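Engineer: Have a look at this prediction, sequence included:
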Amino acid sequence: MAVNDDPSTISDHRIWVADPSSRLAQAIERGGGTPTNDPTGVTGVVWTGKDLSELRDLLTPAVEWLQLPSAGIERYVAAGVVEPTRTNTCAGPAYAKTVAEHALALMLACSRRLPTYSRARRWERVEISSVLGATVAIVGCGRIGRALIDLLGPFQARILACNRSGRPVEGATQTGDMAFVDRAIEQADFVVVAAPATPETKGLIGKRQLERMPSNAYLINIARGSLVDTDALVGALRAGSIAGAALDVTDPEPLPDGHPLWELDRALITPHVANPDAWDEKQLVGLVEENVRRFLAGEELLGVVDPARGY
């Protein structure tokens with residue numbers, strides 16, 4: 001692959017990437033761009049690093065597009081690198097299906113009481129339920145929520161979708177705005193938290209919402225730990241007021257040794273692995289290729305985020 005690092009031949013097709021020999025660089029080239037790790041004259045940045053000070057240095061006024069490596073962008077918003085002066089895209093479109101798959105796995109595990117059975121040391125039956133025909137409230141029904149609706153199709157689930165706009169979601173039995181959350185969870189067998197982490201969604205599921213959930217309902221969180229009041233959740237699980245919880249994200253995170261959630265047999269914890277690390281670049285490749293093509297063609301990019309909203 002020919003990599004253009006000669007400043008005398010700079011063109012609008014130059015896209016910065018950390019490793020010009022990586023699969024991401026090959027995706028940039030297939031999209032019509034020239035991958036380079038020389039920041040001179042680049043108009044796009046495909047970022048996969050950790051050091052935000054390095055990213056700030058890359059974001060010159062000439063950069064028109066920034067591709068971020070994660071679905072959640074709150075870290076980048078807090079650092080002030082997601083600015084309205086350029087187009088910013090997240091990796092949400094690439095990861096939605098695998099995160100939705102994990103949400104479904106957690107739902108199935110809860111319905112079949114696998115958290116309890118995995119801790120059992122003797123042959124003893126406990127009551128199980130099913131995802132078949134269940135009512136599922138999806139709180140924050142964006143890309144992941146819509147992907148989950150597709151996966152739930154064969155289960156003939158009744159979907160209650162909550163989103164910011166209240167606009168109907170395809171496949172949902174009923175859709176409402178975020179004021180609909182309380183009514184949705186009162187009817188749910190599963191409450192799936194899939195909203196972005198913003199100041200407005202912090203503690204979205206707290207003591208009041210947990211008290212509204214039916215006693216046979218499960219809470220599933222594959223969004224961010226900050227959306228759920230952890231102390232209130234521990235209280236609900238200890239009291240048995242909800243059937244259980246399955247969390248891929250927690251607050252605090254990582255969940256420290258000795259935390260009460262580890263000891264509760266109604267809780268299932270996975271360590272933020274809904275999108276496997278080994279798949280990150282593999283999934284991101286297709287999104288980057290398409291976004292480079294669209295960027296160079298002047299078309300709308302996939303995964304565009306709103307700096308003001310934080311997602």
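Structural biologist: That came through, no problem.

Engineer: Every contact and neighbour count from this point should use C-alpha atoms.
Structural biologist: OK.

Engineer: longest helix of this protein?
Structural biologist: helix 92-111 (DSSP state H).

Engineer: counting contacts, what elements does that one pack onto?
Structural biologist: helix 143-152, strand 218-221, strand 244-247, helix 280-297 (3 or more C-alpha pairs under 8 Å, 6 or more residues apart in numbering; DSSP states H and E).

Engineer: Quick one: residues contacting the residue nearest to residue 64 when sequence neighbours are not counted.
Structural biologist: Nearest non-adjacent residue to residue 64, counting by C-alpha to C-alpha, 6 or more residues apart in numbering: residue 86, 4.8 Å away. Counting by C-alpha atoms under 8 Å, 6 or more residues apart in numbering, residue 86 touches 63-66.

Engineer: Please pick the buried ones from these.
Structural biologist: 63-66 (16 or more other C-alpha atoms under 10 Å).

Engineer: how about the helices and strands packed on helix 92-111, which one is nearest residue 165?
Structural biologist: The closest of the helices and strands packed on helix 92-111 to residue 165 is helix 143-152. By C-alpha to C-alpha, the value is 14.1 Å.

Engineer: tell me the angle the helix or strand following the closest one makes with helix 143-152.
Structural biologist: Counting by DSSP states H and E, the next helix or strand C-terminal to helix 143-152 is strand 158-162. Interaxial angle of strand 158-162 relative to helix 143-152 (axes from the mean of the first three to the mean of the last three C-alpha atoms, to 10 degrees): 180 degrees.

Engineer: Which elements pack onto strand 158-162?
Structural biologist: So strand 158-162, by 3+ C-alpha pairs under 8 Å, 6+ apart, packs with strand 135-139, strand 174-176, helix 181-186.

Engineer: rewinding a little: identify whichever of the helices and strands packed on helix 92-111 lies nearest to residue 49.
Structural biologist: That would be helix 280-297 among the helices and strands packed on helix 92-111, by C-alpha to C-alpha, at 12.0 Å.

Engineer: Now do the closest one, average pLDDT.
Structural biologist: Helix 280-297 carries an average pLDDT of 92.

Engineer: Send me it as PDB with only the CA atoms.
Structural biologist: Presented in PDB, the C-alpha positions along helix 280-297 are these (Å, rounded to 0.1, in the frame of the first residue of the first chain):
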ATOM      1  CA  ASP A 280     -13.200  -3.500  17.900                       C
ATOM      2  CA  GLU A 281     -11.000  -2.900  14.900                       C
ATOM      3  CA  LYS A 282     -12.600  -5.700  12.800                       C
ATOM      4  CA  GLN A 283     -16.000  -4.000  13.200                       C
ATOM      5  CA  LEU A 284     -14.700  -0.500  12.900                       C
ATOM      6  CA  VAL A 285     -13.000  -1.200   9.500                       C
ATOM      7  CA  GLY A 286     -16.200  -1.300   7.600                       C
ATOM      8  CA  LEU A 287     -17.500   1.900   9.200                       C
ATOM      9  CA  VAL A 288     -14.300   3.700   8.500                       C
ATOM     10  CA  GLU A 289     -14.200   2.700   4.900                       C
ATOM     11  CA  GLU A 290     -17.800   3.800   4.300                       C
ATOM     12  CA  ASN A 291     -17.300   7.100   6.200                       C
ATOM     13  CA  VAL A 292     -14.100   7.900   4.200                       C
ATOM     14  CA  ARG A 293     -16.000   7.300   1.000                       C
ATOM     15  CA  ARG A 294     -18.900   9.500   2.200                       C
ATOM     16  CA  PHE A 295     -16.500  12.200   3.500                       C
ATOM     17  CA  LEU A 296     -14.700  12.500   0.200                       C
ATOM     18  CA  ALA A 297     -18.000  12.500  -1.700                       C
END
